[in-house]
Each structure stands twice: as structure tokens, then as C-alpha cells.
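Peer 1: Need the 3D shape of this:
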Amino acid sequence: MFDHDLWREHPSDPESREGLAGFLQYAWADDDVSAIGEHAGGGVVWTGFLPTRDTDVLGIGATWVRFTDEPGAGIDDHGETALELFYRFALTKWLILKPDLQYVVDPGGDALVATLRVSITF
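Peer 2: Below you'll find the predicted structure:
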């Protein structure tokens, strides 16, 4: 896993998270014990994308998995790719809305998935 700030809007302010960050990830597993043999992903997130919304986050990413071809695993496809776009609205310090749109390629057919997550912090 590699996660790094690419650009900070206020680099002299250690409290500010506004800016652009990126991540890359890779994982490998033994096909004999895991249904997913390899996984690779990456993306970028922009905190404070909108000028008046300093704690909101816009993100885009992609991920790919290679499924095991071991007999008896019950998986017919060789792999799949997913593309994701989300926006995290911090409505208050305790209420967050996160609409998310994913396009999954070849999980036995392409799929478009839309979700809305609501987070309440007590």
C-alpha cells in the first residue's frame, strides 16, 4: 500500500487536510487458499474540492482482481475491474452523506451500482 499527499492547499498549516492525495495498492494470495489471487488498485482523493466545503472529499479510483482458477472454487470468471466515483459531504461534525457510483466490468456481466451512505457519529 502506498498513500501520499500530492498537493496541499495550505502546506504551512498542519491542521489543514485540504489538497490532493493519491494511493496505490497491490496484494497477492495463494490460489489454493484464496478466491482472489491478485488485487491492484489506485486512485486520488481531493479534500476541499469546493472552495466553501473544506472537509468534503471527492474521490475517484479503480481496482482489478484476478480470481483463482482452482477447480472447485466455483468462480467462472478470470477477474473483474471496478471504477468508482464518490463525494463525501460533511454536513455537520457528526453527519456525513456519501453518494457513490461504481461501474464493475465483467463480474459475469457489467454492472452499474449506486449507493448512498449515511454516517452518524455519536
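
Peer 1: who's the closest residue in space to Leu91 that isn't next to it in sequence bridged to?
Peer 2: Closest residue to Leu91 apart from its sequence neighbours, by Cβ to Cβ, 6 or more residues apart in numbering: Leu97 at 6.2 Å. C-beta coordinates here come from the backbone N, C-alpha and C atoms, glycine included. Beta-bridge pairing of Leu97 under DSSP bridges involves Phe89, Val118.

Peer 1: what pLDDT does Leu97 get?
Peer 2: According to the prediction, Leu97 has pLDDT 97.

Peer 1: From Ala90, how far out is it?
Peer 2: Per Cβ to Cβ, to the nearest Å, Leu97 is found 9 Å from Ala90.

Peer 1: Name the residue in these two with the higher neighbour count.
Peer 2: Per other Cβ atoms under 10 Å, whichever of Leu97 and Ala90 has more neighbours is Ala90, with 17 against 14.

Peer 1: Go ahead and confirm that one touches Phe49.
Peer 2: No. With contact defined as Cβ atoms under 8 Å, Ala90 does not reach Phe49; the gap is 12.0 Å.

Peer 1: what sits in contact with each of these two?
Peer 2: Common neighbours of Ala90 and Phe49 (criterion: Cβ atoms under 8 Å, 6 or more residues apart in numbering): Asp56.

Peer 1: give me the low-pLDDT residue ranges for this protein?
Peer 2: Counting by pLDDT under 70, the ranges of the chain that qualify are 72-74, 76, 107.
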